[in-house]
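Novice: Got a sequence here, can you build the structure:
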Amino acid sequence: MKDFCVWFVVVSTIFFGLCYIVQIKRKKAEATLSTWIIFMAGCSLSFGTYWFAENRDIKSGIMNTIDLLYVFMILVAILFWGERGTRFKSHEKWYLAAAVGILVYAFATGNAYNSNRLTQILMSLAYIPMFHKLLKEKKKTDSYFGWIPAAFNALVALYPALHEGNDLAVLYAVRAFIFTLITSIMMAYYQFRTRHGTVPLKGGFHDPRTGA
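Specialist: I've put the predicted structure just below:
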């Protein structure tokens, strides 16, 4: 069962990653280079600290491992077809600085376990600007291919993590599940509201059902 879950997460992540890349190519997903560089920094730091803390236990931490490949795939797709702007916003610069700080802490203390836990906090904070964008624009701003499968895969990845009693793998999977699920729910809510209710626009409200 453990191996089945591991391979399911691998195949599912790659498949839906390719679907998301198609959405980027068709300009149906708003994926910016700077945002995904941030994700790459977090995933790389998480994978590196996990690798040393858990003695290279890839299977238990499959979600952590496959996310690194997934983000790399999306980065390459953005370079070819997406928004290439690399002007980092203020919060993104602070995020990168914090990532460097955790890396320095990991090398200075040799404590990969605590470094990984700090990284999970940092990766959680990375969702705040996305939530703010959704709340501000009040519309679905991305493709579901990037988030709903990720939430489900994180849930499946919990089995091998729990089976081996791997605390860091459990923490990663739970964090990934919670925040990708929240993102998916928020996008679905604003898409539903746009299609079936009144949508606030500049200068007033627009009802898509009546055109008024």
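Novice: By mean pLDDT, flag the weakest helix or strand of the chain.
Specialist: Across the helices and strands of the chain, mean confidence by mean pLDDT, DSSP states H and E is lowest for strand 204-206: a mean of 44.
Novice: Can you tell me what sits against whichever strand or helix holds V11?
Specialist: For V11, the element it lies in under DSSP states H and E is helix 2-25. Residues from elsewhere that reach helix 2-25 (C-beta atoms under 8 Å, 6 or more residues apart in numbering): 29, 31, 59, 62-63, 66-67, 69-70, 73-74, 77-78, 80-82, 143, 145-146, 149-150, 152-153, 156-157, 159-160, 163-164. Quick note: C-beta positions are derived from backbone N, CA and C, even for glycine.
Novice: Apply the buried test to those and list what passes.
Specialist: Buried subset of those (neighbour count, 16 or more other C-beta atoms under 10 Å): 29, 31, 59, 62-63, 66-67, 70, 73-74, 77-78, 81-82, 143, 145-146, 149-150, 152-153, 156-157, 159-160, 164.
Novice: quick one, helices of this structure?
Specialist: 2-25, 33-53, 62-81, 90-109, 112-125, 128-137, 148-163, 167-196 (DSSP state H).
Novice: From I37, how far off is the closest residue to L122 other than its chain neighbours?
Specialist: Distances taken as C-beta to C-beta, 6 or more residues apart in numbering put A98 closest to L122, at 5.5 Å, once the chain neighbours are dropped. In this view, A98 and I37 are 14 Å apart by C-beta to C-beta, to the nearest Å.
Novice: Then P149?
Specialist: In terms of C-beta to C-beta, P149 sits 22 Å off from I37.
Novice: can you check T13 too?
Specialist: T13 is 20 Å from I37, by C-beta to C-beta.
Novice: Looking at these two, which one has more neighbours?
Specialist: For the pair T13 and I37, the greater number of neighbours falls to T13 (22 against 18), based on other C-beta atoms under 10 Å.
Novice: Let me know the pLDDT of the spatially closest residue to T194 that is not a sequence neighbour.
Specialist: Leaving out its chain neighbours, the residue that sits closest to T194 by C-beta to C-beta, 6+ apart is K139, at 5.8 Å. pLDDT for K139: 83.
Novice: Could you do K202 as well?
Specialist: Looking at K202, the pLDDT reads 46.
Novice: Where does the prediction get shaky in the protein?
Specialist: 84-86, 197-212 (pLDDT under 70).
Novice: one step back: count of neighbours near the residue nearest to L122?
Specialist: 19.
Novice: now swap in the one 3 residues further on and tell me
Specialist: For G101, the neighbour count with other C-beta under 10 Å is 12.
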